[in-house]
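**Student:** My questions are about this predicted structure, shown below with the sequence.
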Amino acid sequence: MNHAANNAVWSGSWVAERLGVELVGDDELSGLLGLALRRNPKRAHLLVSNVLGKHVPQSPSVVYGHGFALGRRVRDLLGTEEAGRAVVLGYAETATGLGHSVADGVGLAPYLHSTRRPVQGLAPAGGFEEAHSHATSHLLLPQDPALLAGDGPLVLVDDEFSTGNTVLNTIRDLHERYPRGRYVVVALVDMRSPADAGRLDVFAREIGARVDLVTAASGTVRLPDGVLEKGQELVARHEAAAPEPTAPEEASSGRITRVDLCWPRGLPDGGRHGFTPQHRIRLEGALPAMAARLAEALPAQARRVLVLGFEELMYAPLRLARELERLADTADTVGAEVRYSTTTRSPVLAVDDPGYAIRSRLVFPAHDDPADGPGERYAYNVAGGGFDTVVAVVDSVADTPALHAPGGLLDRLAAHTPHVVLAVVPAYVPEPRYAARTPGERSAMLPEPLRGPAFSSYPPEEVGWLLQDLSDVTLEAPTEEREEAIQSGGAHYAESLPVEYQPSEQYQELFHTALDASAGRLALAVGAVTELVLAERSPRPVLVSLARAGTPIGVLMRRWAQFRHGLDLPHYAVSIVRGRGIDANALRWLAAHHDPRDVVFVDGWTGKGAITRELADAVKEFEAAGGAPGFDPEIAVLADPGSCVRTYGTREDFLIPSACLNSTVSGLISRTVLRADLVGPNDFHGAKFYRELAGADVSVAFLDAVAARFPEVVDAVDAQAKELLSGDRAPTWEGWAAVERISEEYGIHDVNLVKPGVGETTRVLLRRVPWKILARAGAGADLDHVRLLAEQRGVPVEEVAELPYTCVGLIHPKYTRGATGADGRAVTV
């Protein structure tokens, strides 16, 4: 496959012919744009720019030239004086380089682009959503908060202007904070429909400001009825015919070398936190020497070189590529054709056809530890592009082991080109605005814990919540939409909440039946684990439960200590998020009010042990960042069926009734939320208090039912605690091994989609999109509620002879909307 020289066919014809999509407008449109199909439920087609430098390798002079020319037009529109007061704002990820180039054309304008990479200690100056994007949360993080506060013109740059929603939402948000009299919207193409064409004028009158539009070309896309469904079906058909490879198509054979650019000290790598005219002058002065270093690293025989940028890092690689191209045109040192493009988060179908804009796709894992968790990343039109050398330019945050690992970006590139050169630009991270404060000063800024009845239905003495109240924020999303966003890498599960499951009358009866049957068993396990904590960890422990599943158990342990020993133990609930760690501000508050050595983290049960590992890593990271030492990450749990911890009440996998329900058995508190626009650097993680569900609340009733059995289990607790204290409780992690085996046996290849144990299986059925349930043969009443939920959701239950857990829930792998039918029941094909 070599498609480097095929320019005779319009790269939108394949989609146009199959979907009936029409691109109409200026004559130059077909040269600027091609068409592809999105792996995105919000919009079927993708306008693929040939001059943006994102999906299609292009001459860097052409890419830079289009942006610079648009900037010159803006300067002419504004006049020299107004242009000198302007600020340019670009959109992540596709328009970060375009916006930079426009700012260069405007002249003396500082530049800022939105970002999806939060910075601890740097408060956002704004944020917004992109309606049709696969990953929507944008942050504005200027190092200088005054950058957006002036009254000069604001120039907003995006690659295309279609509905206008993203730009208008941004202007509306910023205009409320920093009103000004003039805005200029800049895009390569104006693709508004006739229905959207008049919105800009109406909006300008609404906010009382002038809003101009500057584009290189205009037109519109005519979409036939049913194009979204037809496009999704076409994507599904082609992906089924050519499934995504899990490893490089061929063994890596290219040579990988690293070059030191000698990037100027302290010079920002781009506009994530602001890029001033002074920064631009410094960069211009350093570019020739940096490009010369790149040229020296190229093989002598190089004839077609691709400079590949990295997601939001577009401008620095573009300027390096343009300087390298100039060397090639003026000297014998390079003598190669230079092209430029960048990697992306955006999932697009690849079809090797000259009439299709995305001919090939390299898939690799994210390698910059993104805030929204791991996910796939892509490089388009690189394989088969005829490049004998690829220069990968990343920032230092992205220069991780994942970049260099088998299957990582460098490995994937080396499978398709003889030479790979890695150039790393130091990531510019502003000093946190609280950097001068001591940990004690920072903790003093944190509020006191929330308590019932103002927050939660628990009595105030039972638990203090080290959380912030987000009850007035709409965070709920349909389960299917959440699952798709989570699995696509477009969102992290902690950024939204599932719609609270409202149990049927039959299910509530099942909960009460299960509680009646297991209350004594629970009381025994609560007493045993509390005795272990008092004997081994601290005579006066500070119980810190992991919200929210751990919180009822923490309350019960506190009640046992009071019942058996007359102790009034402090108990707090904190947030921990898989992939993000524990709330560091909560740890700071605890360290300021208690001895960290007395803190005992509490959870309900273990599954495969992911949170156990997460907590251990988070405590290490907290201490490494200067946090108070002494926190013991060993979790105390009621049940440890996965054999992941030493401090537990039992290792049996049985029904803990609190797993049957969501907030209505957890003090009416939601799952915890961690989203950059809601949780600042000095904030606790958030959660909601569902006051409106008070009529269905059984939180205190659950606690009372278990505590009522304490007197009858005293002797049994003493015996069990003695046996546990004298026995071998070393974790074997057999649960994790079983999960890995199941993941492979069932073709899932993602342990995060395998949820072992009765508690985790229940959560899958309540909150996620289940695929199937594995039940240990002969499992009895402990699975009655699982069978009922599975029946209600149309999920098959498969009996398995040898299973270390009572049951295992499997989340639908590679979820799309097609995973459920119109009735919401699982499709099991």
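**Tutor:** Structure received. The shown structure was predicted, so the numbers you read here are calculated from the model rather than taken from an experiment.
**Student:** For the lengthiest strand in the chain, give me every contacting residue.
**Tutor:** In the chain, with assignment by DSSP state E, the single longest strand is strand 210-222. Contacts to strand 210-222, defined as C-beta atoms under 8 Å, 6 or more residues apart in numbering, come from residues 21-26, 28-29, 32, 45, 47, 66, 69-70, 73-74, 77, 161-162, 171, 181-194, 200-201, 203-204. All C-beta spots, glycine's among them, are computed from the backbone N, C-alpha and C.
**Student:** Quick one: mean pLDDT over stretch 372-388.
**Tutor:** Summarised as a single mean, pLDDT over stretch 372-388 is 94.
**Student:** One more: stretch 465-474?
**Tutor:** Stretch 465-474 comes out at a mean pLDDT of 87.
**Student:** Kindly report the same for stretch 20-35.
**Tutor:** 90.
**Student:** Just the endpoints, please. Distance across that stretch?
**Tutor:** Using C-alpha to C-alpha, to the nearest Å, one end of stretch 20-35 lies 12 Å from the other.
**Student:** which parts of it are buried?
**Tutor:** 21, 23, 25, 29, 30, 32, 33, 34, 35 (16 or more other C-beta atoms under 10 Å).
**Student:** Can you pick out the most distant pair from these?
**Tutor:** Spatially, the most separated pair among the buried residues of stretch 20-35 is 21 and 32, at 16.0 Å (C-beta to C-beta).
**Student:** ok, back up a step: what pairs with the longest strand of the chain, parallel or antiparallel?
**Tutor:** strand 22-25 (antiparallel), strand 182-190 (parallel) (DSSP bridges).
**Student:** immediately after it, which helix or strand?
**Tutor:** helix 227-241 (DSSP states H and E).
**Student:** Tell me what angle that next one forms with strand 210-222.
**Tutor:** Put simply, helix 227-241 runs at 60 degrees to strand 210-222, going by axes from the mean of the first three to the mean of the last three C-alpha atoms, to 10 degrees.
**Student:** Following element in sequence after helix 227-241, please.
**Tutor:** strand 255-259.
**Student:** What's the mean pLDDT across that following strand?
**Tutor:** 92.
**Student:** Same question for stretch 649-660.
**Tutor:** 78.
**Student:** so how far is that stretch from its chain's centroid?
**Tutor:** Centroid separation between stretch 649-660 and its chain, computed with C-alpha atoms, centre = their mean, to the nearest Å, is 31 Å.
**Student:** Pull out the buried positions in it.
**Tutor:** Those would be 649, 650, 651, 653, 654, 655, 656, 657, 658, 659, 660, for stretch 649-660 by 16+ other C-beta under 10 Å.
**Student:** for stretch 172-188, same thing?
**Tutor:** Neighbour count says stretch 172-188 has 174, 175, 178, 180, 182, 183, 184, 185, 186, 187, 188 buried, by 16+ other C-beta under 10 Å.
**Student:** Take the helix or strand where residue 308 lies, keep the C-alpha atoms, and write them as CSV.
**Tutor:** Applying DSSP H and E as the criterion places residue 308 in strand 304-309. What follows is strand 304-309, C-alpha atoms only, in CSV (Å, rounded to 0.1, in the frame of the first residue of the first chain):
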residue,chain,number,x,y,z
ARG,A,304,10.5,11.9,2.3
VAL,A,305,10.3,13.0,5.9
LEU,A,306,7.3,13.4,8.1
VAL,A,307,7.4,15.6,11.2
LEU,A,308,4.7,14.2,13.4
GLY,A,309,3.3,16.3,16.2
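**Student:** Mind listing the strands that strand pairs with, and their directions?
**Tutor:** strand 337-342 (parallel), strand 389-395 (parallel).
**Student:** Turn the ones you listed into CSV, columns for mean neighbour count.
**Tutor:** Converted to CSV, the strands paired with strand 304-309 look like this (neighbours: other C-beta atoms under 10 Å):
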stretch, mean neighbour count
strand 337-342, 26
strand 389-395, 26
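**Student:** any chance of those strands in a markdown table, with distance to residue 415 too?
**Tutor:** Putting the strands paired with strand 304-309 into a markdown table (distance: least, C-beta to C-beta, whole Å) gives the following:
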| stretch | distance to residue 415 |
| --- | --- |
| strand 337-342 | 17 |
| strand 389-395 | 11 |
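**Student:** Which among the ones you listed is found nearest to residue 112?
**Tutor:** Smallest distance to residue 112 across these (C-beta to C-beta): 16.9 Å, for strand 389-395.
**Student:** got the buried residues for the helix or strand just after the closest one?
**Tutor:** Heading C-terminal from strand 389-395, the first helix or strand you meet, by DSSP H and E, is helix 401-404. Under the neighbour-count criterion of 16+ other C-beta under 10 Å, helix 401-404 has 402, 403 buried.
**Student:** Identify all contacting residues around helix 401-404.
**Tutor:** When contacts are defined by C-beta under 8 Å, 6+ apart, helix 401-404 is touched by residues 365, 366, 367, 394, 408, 409, 410, 411.
**Student:** Now do stretch 733-747: distance to the chain's middle.
**Tutor:** 25 Å.
**Student:** and residue 462, what does it touch?
**Tutor:** Contacts of residue 462 by C-beta under 8 Å, 6+ apart are 452, 555, 558, 571, 703.
**Student:** now residue 430
**Tutor:** With C-beta under 8 Å, 6+ apart, residue 430 has these contacts: 119, 122, 143, 273.
**Student:** With respect to per-residue confidence, which of those is lowest?
**Tutor:** Lowest pLDDT among these: residue 122, 71.
**Student:** Pull up the gap between the nearest residue to that residue once chain neighbours are set aside and residue 126, please.
**Tutor:** Take residue 122 and drop its neighbours on the chain: the residue closest to it by C-beta to C-beta, 6 or more residues apart in numbering is residue 141, 5.2 Å away. Using C-beta to C-beta, to the nearest Å, residue 141 is found at 9 Å from residue 126.
**Student:** more crowded one of the two?
**Tutor:** Comparing residue 141 with residue 126 by other C-beta atoms under 10 Å, the one with more neighbours is residue 141, at 23 against 19.
**Student:** Rebuild the buried residues of stretch 172-188 as CSV, extending it with pLDDT and distance to residue 446.
**Tutor:** Listed next are those as CSV, based on pLDDT from 0 to 100; distance: C-beta to C-beta, whole Å:
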residue, pLDDT, distance to residue 446
174, 87, 29
175, 90, 32
178, 86, 29
180, 93, 35
182, 96, 41
183, 96, 38
184, 97, 42
185, 96, 41
186, 97, 42
187, 96, 43
188, 96, 46
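**Student:** Fine by me, thanks again.
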